[in-house]
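Asks: Mind folding the following:
(one chain, ligands or ions: 1)
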Amino acid sequence: MATPNQASRTGGPHRVVVVGGGFGGLQAVLKLRRLAVEVTLVDRRNFHLFQPLTYQVATGALSPGEIAYPLRAIFKHNRNVHVLMAEVDDFDLKARELQLSPAAGVPAPRRIPYDTLIVSGGSRYSYFGHDEWSNHAAEVKSLESALTVRNRLLSAFEAAEWESDPERRAALLTFVVVGAGPTGVEMAGQIGELARDTLRADFRRIDPRTARILLVEAADRVLTTFPPSLSVKAARSLAKLGVAVLTQRTVVGVDGEGVTIEHGGSEPERIPSRTVIWAAGVTASGLATRLAELTGAESDRAGRVTAERDLTLPGHPEVFALGDMVRVRDAAGGSTVLPGVAPVAMQQGRYAAKVVRDRLRSRPTQPFRYRDKGNLATIGRGAAVADIKGFRLSGHIAWITWLVVHLWYLVGFQNRLLVLIRWTSSFVTHGRGARLITEPDAEGRGLLLENGPRPPSDA
Ligand SMILES: Cc1cc2nc3c(=O)[nH]c(=O)nc-3n(C[C@H](O)[C@H](O)[C@H](O)COP(=O)(O)OP(=O)(O)OC[C@H]3O[C@@H](n4cnc5c(N)ncnc54)[C@H](O)[C@@H]3O)c2cc1C
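Replies: Predicted coordinates:
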């Protein structure tokens with residue numbers, strides 16, 4: 001198998017281009033910055049986003065700036081690291097170039113060359129082939145969509161306060177979360193806390209505690225990646241927050257007025273709701289599909305490209321693919337889908353950087369091996385579940401573990417401090433300082449709902 005050039009084709013330092021300043025790409029660059037290589041980090045955003053806490057922005061517990069950090073600030077002291085804000089459109093693997101276009105209107109070079117390419121483009125939510133549902137069921141993967149969810153959640157309570165029709169008011173106060181993985185569970189739990197605790201004294205005509213929060217899941221339990229005993233505990237904690245868990249239900253329709261779900265062979269059930277949040281099913285970044293086409297690598301139904309055991313792509317030892325957008329070849333020649341979590345992407349990013357270093361020193365590298373450090377999910381104040389190397393924790397101890405782990409991995413000392421202060425203050429005061437409705441979302445469904453909120457008859 002051909003090995004990548006150790007020196008740059010231009011005779012200068014080895015040029016590594018990293019696509020994606022998310023969990024995988026960031027770790028790769030953090031490790032590469034200490035080597036005698038020229039690194040360019042390309043992302044369509046100018047910041048690293050800590051996705052595990054976007055749902056807290058969506059529920060007003062944290063502000064966007066507390067979970068995002070500018071990429072330039074991270075690498076300001078590393079002269080060999082360049083940050084480039086651009087959209088990656090395509091790869092020219094023969095010429096070893098990336099094709100770019102402007103992101104957010106910022107001009108970008110059309111092509112940039114590389115000697116080694118590391119791609120960690122992540123994934124996005126999939127709507128089971130119904131992309132039109134995304135107009136009505138926002139997700140919380142990006143900062144923008146988390147803010148859309150925040151606007152919709154808070155606007156629903158505002159509109160319900162002045163809605164005189166009981167059916168319309170009930171639909172406004174019904175919140176449906178689709179998908180009971182960690183994000184769906186965390187989201188539903190936070191809405192429960194918002195309705196039952198934070199907002200309970202804020203309104204005069206409605207009682208926010210009467211809000212219905214439904215968590216819809218196709219499997220037979222919540223948190224299917226955790227042991228069943230922890231699923232039971234999580235479901236109990238959700239029930240205490242007023243969340244009704246509807247398992248073995250499939251969503252077959254979503255529109256501006258609610259969701260339609262099916263349960264076994266029975267008649268579809270219609271649930272009127274003005275706020276639906278999507279936390280089910282992911283599909284790999286389109287960059288994975290493109291790399292599979294160009295290299296002949298296999299891909300799976302979720303669009304993940306199959307990377308070799310050293311995370312490179314077939315016939316291209318100079319191209320690494322990692323994170324949410326890949327599955328990895330195993331020793332038996334099959335392929336393994338690792339969990340779609342940050343530690344996998346982070347370990348893979350560090351591993352790819354290590355392979356680059358070893359190659360520059362003409363040293364062999366062992367295949368990538370994932371070290372599973374455990375699984376955590378929080379449900380609400382003082383409630384979480386953790387499965388750490390066979391130790392099953394729940395309640396306060398799991399919650400404190402969750403807090404410490406998330407603070408530890410948050411990028412930037414300032415953000416850690418701010419989030420710690422916010423969480424401490426929320427714990428003491430039961431408040432959420434970022435409960436702001438900032439602007440109407442893309443559908444214009446911010447403050448004014450479709451036919452406008454109706455004044456109460458006695459007003
Ligand atoms: C709501 C939510 C909650 C989560 N909670 C947890 C959790 O609690 N614990 C946990 O371990 N994991 C959690 N995850 C999963 C974790 O965030 C992902 O596994 C991780 O982000 C994957 O890292 P990545 O590098 O593959 O992709 P990402 O971190 O998504 O990074 C991809 C980067 O590539 C950029 N990009 C993509 N395409 C292009 C392009 N064409 N041009 C330019 N730039 C591009 C994106 O802007 C992004 O910055 C959560 C995910 C979500 C969505």
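Asks: Provide the backbone phi and psi angles at the spatially closest residue to Ser231 that is not a sequence neighbour.
Replies: Closest residue to Ser231 apart from its sequence neighbours, by CB to CB, 6 or more residues apart in numbering: Arg221 at 4.2 Å. For every residue, glycine as well, the C-beta is placed using N, CA and C. Backbone geometry at Arg221, expressed as degrees, to the nearest 10, gives phi -160, psi 170.
Asks: Contacts only, for the closest residue to the ligand within the chain.
Replies: The ligand sits closest to Gly22 of the chain, with a gap of 1.8 Å, by CB to the nearest ligand atom. Counting by CB atoms under 8 Å, 6 or more residues apart in numbering, Gly22 touches 43, 48-49, 51, 120, 122, 323, 345.
Asks: With pLDDT added, can I get these in JSON lines?
Replies: Below are the contacts of Gly22 laid out as JSON lines (pLDDT from 0 to 100):
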{"residue": "Asp43", "pLDDT": "98"}
{"residue": "His48", "pLDDT": "97"}
{"residue": "Leu49", "pLDDT": "97"}
{"residue": "Gln51", "pLDDT": "96"}
{"residue": "Ser120", "pLDDT": "98"}
{"residue": "Gly122", "pLDDT": "98"}
{"residue": "Gly323", "pLDDT": "98"}
{"residue": "Ala345", "pLDDT": "98"}
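Asks: So which of those is surrounded by the most neighbours?
Replies: With neighbours taken as other CB atoms under 10 Å, the top of the contacts of Gly22 is Gly323, carrying 33 neighbours.
Asks: That residue and Leu223, how far apart?
Replies: 22 Å (CB to CB, to the nearest Å).
Asks: could you measure Leu436 against Ala58, distance?
Replies: Relative to Ala58, Leu436 is positioned 12 Å away (CB to CB).
Asks: what do the two both touch?
Replies: Arg150.
Asks: Please say which of the two ends up with more neighbours.
Replies: Taking other CB under 10 Å, Leu436 and Ala58 do not tie; Ala58 has more neighbours (28 against 12).
Asks: Ala104: neighbouring residues, count only.
Replies: 10.
Asks: Go ahead and confirm it touches Phe47.
Replies: No: applying CB atoms under 8 Å, one finds Ala104 not in contact with Phe47, separated by 11.5 Å.
Asks: show me where the stretch 251-400 of the chain has helices.
Replies: Remark: helices assigned in the stretch 251-400 of the chain by DSSP state H, counting those that start in this stretch are 286-295, 342-360, 395-409.
Asks: Ranking the ones you listed by mean neighbour count, which comes first?
Replies: Most buried of these, by mean neighbour count (mean count of other CB atoms under 10 Å): helix 342-360, with a mean of 22.
Asks: So which elements touch it?
Replies: With contacts taken as 3 or more CB pairs under 8 Å, 6 or more residues apart in numbering; DSSP states H and E, helix 342-360 sits against strand 14-19, helix 23-32, strand 116-119.
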